[in-house]
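**Student:** Generate a structure from the sequence data that follows.
(one chain, ligands or ions: 2)
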Amino acid sequence: MPDFYSEAKKLFAYSQAIRRDLHQHPELGFQEVRTSGIIAKELREIGLEVTTGIAKTGVIAMIDGAKPGPVIMLRFDIDALPISEQTGADYASQNPGLMHACGHDGHVAIGLTVARLLNEHRDQLSGTVKLVFQPAEEGAGGAETMVKEGALESPAPVRCLGLHIWNEKPLGWLGVAAGPVMASAATFSVTLTGKGGHGAMPHQTIDPVVAAAQIISAAQTISSRNTDPQKACVISFCSIHAGDAFNVIPQAMEMKGTIRAFEPEVEQMAYKRLDEIVRGIGAAMGCQVEISITNITPAVINDPQTTSAVKQAAQTLLPDHDLDERGRFTMGAEDFAYYQQKVPGTFFFVGSTNAEKGLIYGHHHPKFDFDEGVLPRAAALMAGAAVELLKS
Ligand SMILES: [Zn+2]
Ligand SMILES: [Zn+2]
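**Tutor:** Residues are numbered from 1 along each chain as shown. Ligands and ions are numbered 1, 2, ... in the order given. Next up, the predicted model:
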């Protein structure tokens, strides 16, 4: 195994320059035209065969080793968020209302650094590394579109790897675990239709607000009474709308929210119970009920064999780091799960906060920023894990 960490540290100025440039020019999902142009240019500059325009702004490049062997896919997401940056950094966003607040600017820099690390050692590689730069991870369906447009074909990878810079943990922490590591995500939408009327004469109305209040309370029992206490389930009502005036009972009430779980059986149970509670209470309160529940992302469930390769690389390249193998790292979701449904793979996390430098804000916060020391660590671990997988 080449000493990828030392080599990545020598490339730090390159990684940082890419990251800071992208940070200043964030682009939303499927609109990452400038970003994907830079990715393609950088990959072509080191002599790689590059395909652009997959899922609009996706980029794929191949690193062919000197000897034949398996195809391993490495995926990096590239999109930003509709958030106004408040970091005050001298490399802050120059696009008003847009920000790299999840760290995907770092992911691109890591991916391009990994390309350089592996390309330098292609004589020693047996097999092919397929680099996939994916648009629109933030809820717009980037991974699904990449899969539909052939990202997993010609050549088809036998294993896939993905990573996230992780501002829930400090620099030096590594999250590498088999089994579930991120939750599935579903959206739900409920409309309760009653009968509007005067706020002083509720007996002449059917009040959807009172029905909604009982539904919201009863739904809390799905996680507290229906879910195995050793497992996890989240149901959050995040948007509630009804009425305009203080003295009018509204005709209808709309609610939206999200359901998160690790196990498919918990997820299905939560869908069923929410449907029953909404329909049952809504009907008992005299309302007409409409409910729809839609899964938007499966859970991220890591393959044990692929995870062993990442762990092996972590122990070889970053032996003094804090390796956390507990799994179930967050109820957040990741569309990397779509690749894992077709190809066994592992998604791992690289800690990136630094309290001394004030880099403590979480993902999607307007003051989100990370310790750039994560860049060589993450690049080394990704390159090392790819080499481990090609060996096995
Ligand atoms: Zn995000
Ligand atoms: Zn993200």
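
**Student:** For the most centrally placed residue in the chain, give me phi and psi.
**Tutor:** In the chain, the residue lying closest to the centroid (CA atoms, centre = their mean) is Glu334, at 3.0 Å. Backbone geometry at Glu334, expressed as degrees, to the nearest 10, gives phi -150, psi 130.

**Student:** start the count at 49, not 1, going forward
**Tutor:** Okay, using 49 as the starting number, the last item reads as Glu382.

**Student:** isn't it right up against Met230?
**Tutor:** Yes. If you go by CB atoms under 8 Å, Glu382 and Met230 touch, sitting 4.9 Å apart. Yep, even glycine has a C-beta here, placed from its N, CA and C like the rest.

**Student:** Could you name every residue contacting both of the two?
**Tutor:** 348, 395 (CB atoms under 8 Å, 6 or more residues apart in numbering).

**Student:** Where does pLDDT dip in the stretch 199-348 of the chain?
**Tutor:** Scanning the stretch 199-348 of the chain for pLDDT under 70 picks out no residues.

**Student:** What residues does the closest residue to Asp370 other than its chain neighbours make contact with?
**Tutor:** Nearest residue to Asp370 in three dimensions, chain neighbours excluded: Trp221, at 4.8 Å (CB to CB, 6 or more residues apart in numbering). Contacts for Trp221 (CB under 8 Å, 6+ apart) come out as 214, 369-370, 372, 397-399.

**Student:** in what helix or strand does Tyr62 lie?
**Tutor:** Here Tyr62 sits within helix 60-72, counting by DSSP states H and E.

**Student:** which other residues reach that helix?
**Tutor:** Outside helix 60-72, the residues touching it (CB under 8 Å, 6+ apart) are 56, 83, 86, 90, 137, 139-142, 148, 153-154, 156-158, 160-161, 164, 420, 423-424, 427.

**Student:** of those, buried ones?
**Tutor:** By neighbour count, with 16 or more other CB atoms under 10 Å, the contacts of helix 60-72 hold 56, 83, 86, 90, 139, 141, 148, 153-154, 156-158, 160-161, 164, 420, 423-424, 427 as buried.

**Student:** For the stretch 149-298 of the chain, just list every one of the strands.
**Tutor:** Under the criterion DSSP state E, counting those that start in this stretch, the stretch 149-298 of the chain contains strands at 174-182, 207-218, 221-223, 227-230, 232-241, 245-246, 281-289, 296-297.

**Student:** Which of the contacts of helix 60-72 fall in helices?
**Tutor:** 56, 83, 86, 90, 153-154, 156-158, 160-161, 164, 423-424, 427 (DSSP state H).

**Student:** Roughly how far does His71 sit from Gly305?
**Tutor:** Separation of His71 from Gly305 (CB to CB, to the nearest Å): 32 Å.

**Student:** And those two? Which one has more around it.
**Tutor:** The neighbour comparison of His71 against Gly305 (other CB atoms under 10 Å) goes to His71, with 25 against 20.

**Student:** who touches the closest residue to that one other than its chain neighbours in this structure?
**Tutor:** Using CB to CB, 6+ apart and skipping the chain neighbours, the partner closest in space to His71 is Asp153 (4.6 Å). Going by CB under 8 Å, 6+ apart, Asp153 touches 67-68, 70-71, 74, 128.

**Student:** try 10 Å this time
**Tutor:** Applying CB atoms under 10 Å, 6 or more residues apart in numbering, we find Asp153 in contact with 66-74, 83, 126-128, 139, 141, 147, 213, 418.

**Student:** Likewise for Gly136?
**Tutor:** 415, 417.

**Student:** Any idea how many residues pack against the closest residue to Ile102 other than its chain neighbours?
**Tutor:** Leaving out its chain neighbours, the residue that sits closest to Ile102 by CB to CB, 6+ apart is Glu197, at 5.0 Å. Residues near Glu197, counting by other CB under 10 Å, number 15.
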